[in-house]
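Engineer: Model the following, please.
(chains A and B)
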Amino acid sequence: MTPHRSAARRITLAATAVLLSASLAACGSEDDAGDTSSDGAGDGAGTLTVLAAASLTDVFADLATQFEADHEGSTVEFSFGSSTDLAEQVADGAPGDVLATADETSMTLAEDADVTGDIETFATNVLTIVTPAGNPAGIESLDDLDGATWVRCADEAPCGKVAAAVLADNDITAEPASLEEDVRSTLDKVVSGEADAGLVYATDAVAAGDEVTAVPIPGADSEVTSYFTTVLDQSEDADLAQEWVDFVVSDDGQAILETAGFGAP
Amino acid sequence: MTRTGRAADPLGRPPLLLLAPAVVALLLLVVPLVAMLAAIDWASLPDDLASAPLRRALWLSLTTSTAAMLVSLLLGLPVAWLLARVQFRGRGLVRVLVTVPMVLPPVVAGVALRSAFGRTGLVGAPLLDATGFAFPFTAWGVVLAHVFVSMPFVVLAIEGALRTADPELDGAAATLGATRWTTFRRVTVPLALPGIVAGMVLGWARSLGEFGATITFNGNYPGRTQTMPTLIYVTRQSDQDAALALSLVMLVVSVAVLVLLRGRWLGTP
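Structural biologist: Numbers count the residues shown, from 1 in each chain, chains lettered A, B, ... in the order given. From the prediction side, this is the model:
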């Protein structure tokens, strides 16, 4: 073997090694949030891991602030993502104390895997159009989506199922530029200005504040999406987990949810 | 060859301290793939493989990866040549800049691409104003994302090949009256050709597996921006069996690439 061939191979292998470690680093970040398990301490102290639908990102952070103030020494940590992804993870035994999904289908998936306790519905949501702030493309209704660069969730995600139903109800056949994996990445494409419009939950429009302009969809409330939550079997602190669920459905919890734009269950 | 053959015996048996971790390493690499094969529902496989989304995604993946490879070669070969053959100030810095996308998490690459080439991006906004064209949500955007993440591999692999080829031969060509361009074309490139091909295949393979930058920058739409990794990612949410079938396709394509490279990578030293 000539020296230049083996040297070239070394370079190639080194490049491959870097390639592999780069992809590993990328994959690692996805699982970080799921790694924290509760420490088992009772009486309101301890760490809860709540796996929750992406659309709950902001309101659950607010709920956690209140919960941690009420339960001294407790910490609530989150793993937000697509409801289906999260349900699959807990069905596979991923550590976590509470699951909150944006639809019934993914909760059923977890239920079928026998990892759920009592399931409660705690909020509802409706779909809305959002545009970048000031609505530069002048999207006034679903009809204006035709010819615009717009995005919605993929059919696999709960927000995609609702979007498909709303579009069908209104006989809209315009094709989106992208089918996003969850509602927050749909919102992200609008906030960043890459899309003229997106179909997200009304609460996402509230959460995004000034960064987007919301254009309500008439009749959107005929396709209401419901949120479900449960304590997980794998919870190491089921009492504290139950207190979290109780807090979410309590008057205090419901008031916070209402402020964020959620409807009553 | 004969020297290592004779030396094998006097050196004794391979120590367990090296053998054991080597076996663990091999298992670590092989077990997940075997487990994936075992989990495939072979009965539904023909149906899963006949699906239109798979055909479209595979076609898009193959064409965009190939286009990205050609762009990376066209632009990357000159960079590699500069790095290997020309003395200039800041050469180390250029090499670092070329390497950065390689170690960047792909999703960061996607955010960076959007900042530059998105509709409101540094380059993307004037481009949209001037031509009405925007990269995001198009197959061109996919190629752009692929080039960004794969060109560093092409450049570094080719630079390595150029460095190990004897520069004296360039000098000899020059003394015979060849211009630098002729030398590049007739001497440098042919000598480094195996390394160049290896770099191209490496870049192509990196493009084929690209996911994070593409989905962040381009989203996901069948036939336009939905590549194989993206299709597998969204299919996994609704149909595990179909996702496994798609993964099998990717595995077969990857192994095919390795077989093509057999002479370079899998041959004995």
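Engineer: And chain A, split by domain according to the record?
Structural biologist: Annotated domains of chain A cover A:37-124+A:226-259, A:127-222 [automatic domain parsing].
Engineer: Tell me the helix or strand right after the one helix or strand in chain B whose mean pLDDT sits lowest.
Structural biologist: Lowest mean confidence among the helices and strands of chain B (mean pLDDT, DSSP states H and E): helix B:2-7, at a mean of 48. Using DSSP states H and E, the helix or strand that follows helix B:2-7 towards the C-terminus is helix B:16-39.
Engineer: how about residue 115, what does it touch?
Structural biologist: I went with chain A, as the question did not name one. Residues counted as contacts of A:Val115 (CB atoms under 8 Å, 6 or more residues apart in numbering or on different chains) are A:Val90, A:Ala91, A:Gly93, A:Leu232, A:Asp233, A:Gln234. (C-beta placed from N, C-alpha, C; glycine too.)
Engineer: should've been chain B
Structural biologist: B:Gly121, B:Leu122.
Engineer: Which element, helix or strand, includes it?
Structural biologist: helix B:106-117.
Engineer: Look up the closest residue to B:Arg236, ignoring the ones flanking it.
Structural biologist: B:Ala243 (4.0 Å; CB to CB, 6 or more residues apart in numbering or on different chains).
Engineer: Check which residues of the host helix or strand of that neighbour are buried.
Structural biologist: Element membership for B:Ala243, per DSSP H and E: helix B:240-260. Neighbour counts over helix B:240-260 (16 or more other CB atoms under 10 Å in any protein chain shown) mark B:Asp241, B:Ala242, B:Ala243, B:Leu244, B:Ala245, B:Leu246, B:Ser247, B:Leu248, B:Val249, B:Met250, B:Val253 as buried.
Engineer: Please name the residues that touch the closest residue to the fifth one other than its chain neighbours.
Structural biologist: If I follow you right, that is B:Ala245. Spatial nearest neighbour of B:Ala245, chain neighbours left out: B:Asp48 (3.6 Å); criterion: CB to CB, 6+ apart. When contacts are counted by CB under 8 Å, 6+ apart, B:Asp48 touches B:Asp41, B:Leu54, B:Asp241, B:Ala242, B:Ala245, B:Leu246.
Engineer: what residues does the stretch 101-250 of chain A put near chain B?
Structural biologist: Taking CB under 8 Å from any CB of the partner chain as the test, the list of the stretch 101-250 of chain A residues beside chain B reads A:149, A:151, A:154-157, A:175-181, A:189, A:192-195.
Engineer: List only buried entries from these.
Structural biologist: When these are checked for burial by 16+ other CB under 10 Å, the buried set is A:149, A:151, A:154, A:156-157, A:176-181, A:189, A:192-195.
Engineer: now, which of those sits nearest B:Val100?
Structural biologist: Distance to B:Val100 across these (CB to CB) is lowest for A:Ser192, with 22.1 Å.
Engineer: circling back: lowest-confidence stretch among the domains of chain A?
Structural biologist: Comparing the domains of chain A by mean pLDDT, the weakest confidence falls on domain A:37-124+A:226-259, with a mean of 89.
Engineer: helix or strand for whichever residue of the stretch 51-200 of chain B sits closest to chain A, which one?
Structural biologist: Minimum separation of the stretch 51-200 of chain B from chain A (CB to the nearest CB) falls at B:Gly160, amounting to 2.9 Å. For B:Gly160, the host element (DSSP H and E) is helix B:139-164.
Engineer: where along chain A do the helices fall?
Structural biologist: Along chain A, the stretches classed as helices by DSSP state H are A:3-31, A:57-70, A:83-91, A:104-112, A:158-169, A:183-191, A:202-208, A:238-249, A:251-259.
Engineer: quick one: which of the ones you listed is nearest B:Met69?
Structural biologist: Here helix A:3-31 is closest among the helices of chain A (CB to CB), at 14.6 Å.
Engineer: from memory B:Ala109 sits against B:Ala213, does it?
Structural biologist: Yes - taking contacts as CB atoms under 8 Å, B:Ala109 lies within contact range of B:Ala213: 4.0 Å.
Engineer: show me the contacts for the spatially most central residue of chain A.
Structural biologist: Centroid check for chain A by CA atoms, centre = their mean gives A:Ala54 as the closest residue, at 1.2 Å. Applying CB under 8 Å, 6+ apart, we find A:Ala54 in contact with A:Phe80, A:Gly81, A:Ser82, A:Ser83, A:Ala102, A:Asp182, A:Val183, A:Arg184, A:Ser185.
Engineer: again, 10 Å this time
Structural biologist: By CB atoms under 10 Å, 6 or more residues apart in numbering or on different chains, A:Ala54 lies in contact with A:80-83, A:85-86, A:102, A:153, A:157-159, A:181-187, A:201, A:204.
Engineer: What of B:Pro190?
Structural biologist: B:Pro190 touches B:Ala165, B:Ile196, counting by CB under 10 Å, 6+ apart.
Engineer: Now name the helix or strand holding it.
Structural biologist: Using DSSP H and E, B:Pro190 falls in helix B:189-209.
Engineer: Please state the mean pLDDT value computed over the helix or strand just after that helix.
Structural biologist: Sequence order places helix B:212-218 as the next helix or strand after helix B:189-209, per DSSP H and E. Helix B:212-218 comes out with an average pLDDT of 91.
Engineer: Using PDB, write out every CA atom in helix B:212-218.
Structural biologist: Taking Å, rounded to 0.1, in the frame of the first residue of the first chain, the C-alpha atoms of helix B:212-218 are listed here in PDB:
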ATOM      1  CA  GLY B 212     -31.800  18.700  11.200                       C
ATOM      2  CA  ALA B 213     -30.700  21.600   9.000                       C
ATOM      3  CA  THR B 214     -33.100  20.600   6.200                       C
ATOM      4  CA  ILE B 215     -36.200  20.400   8.400                       C
ATOM      5  CA  THR B 216     -35.400  23.600  10.200                       C
ATOM      6  CA  PHE B 217     -34.600  25.500   7.000                       C
ATOM      7  CA  ASN B 218     -37.100  23.900   4.600                       C
END
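Engineer: Only alpha carbons, please: show the very next helix or strand once past that helix as PDB.
Structural biologist: Moving toward the C-terminus from helix B:212-218, the next helix or strand (DSSP H and E) is helix B:228-235. What follows is helix B:228-235, C-alpha atoms only, in PDB (Å, rounded to 0.1, in the frame of the first residue of the first chain):
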ATOM      1  CA  MET B 228     -36.000  10.200   3.400                       C
ATOM      2  CA  PRO B 229     -34.800  11.100   6.900                       C
ATOM      3  CA  THR B 230     -37.700  13.600   7.200                       C
ATOM      4  CA  LEU B 231     -40.200  11.100   5.900                       C
ATOM      5  CA  ILE B 232     -39.000   8.500   8.500                       C
ATOM      6  CA  TYR B 233     -39.200  11.100  11.200                       C
ATOM      7  CA  VAL B 234     -42.900  12.000  10.500                       C
ATOM      8  CA  THR B 235     -43.900   8.500   9.600                       C
END
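Engineer: Can you list the buried residues in helix B:228-235?
Structural biologist: For helix B:228-235, by 16+ other CB under 10 Å, it's B:Met228, B:Pro229, B:Thr230, B:Leu231, B:Ile232, B:Tyr233, B:Val234, B:Thr235.
Engineer: confidence score at A:Ser29?
Structural biologist: So A:Ser29 comes in at 39 (pLDDT).
Engineer: any weak-confidence spans in the stretch 51-200 of chain B?
Structural biologist: Within the stretch 51-200 of chain B, no stretch has pLDDT under 70.
Engineer: so what's A:Pro218 up against?
Structural biologist: A:Ser141, A:Leu142, A:Asn170.
Engineer: wait, what's in contact with residue 53?
Structural biologist: As the question left the chain open, I've gone with chain A. A:Ala53 sits in contact with A:60, A:80-87, A:99-103, A:106, A:125, A:157-159, A:182-184, A:201, A:225, A:227-229, where contact means CB under 10 Å, 6+ apart.
Engineer: Can you look at chain B instead?
Structural biologist: B:Pro222, B:Gly223, B:Gln226, B:Leu231, B:Val234, B:Thr235, B:Ala242, B:Leu246 are the contacts of B:Pro53 under CB under 10 Å, 6+ apart.
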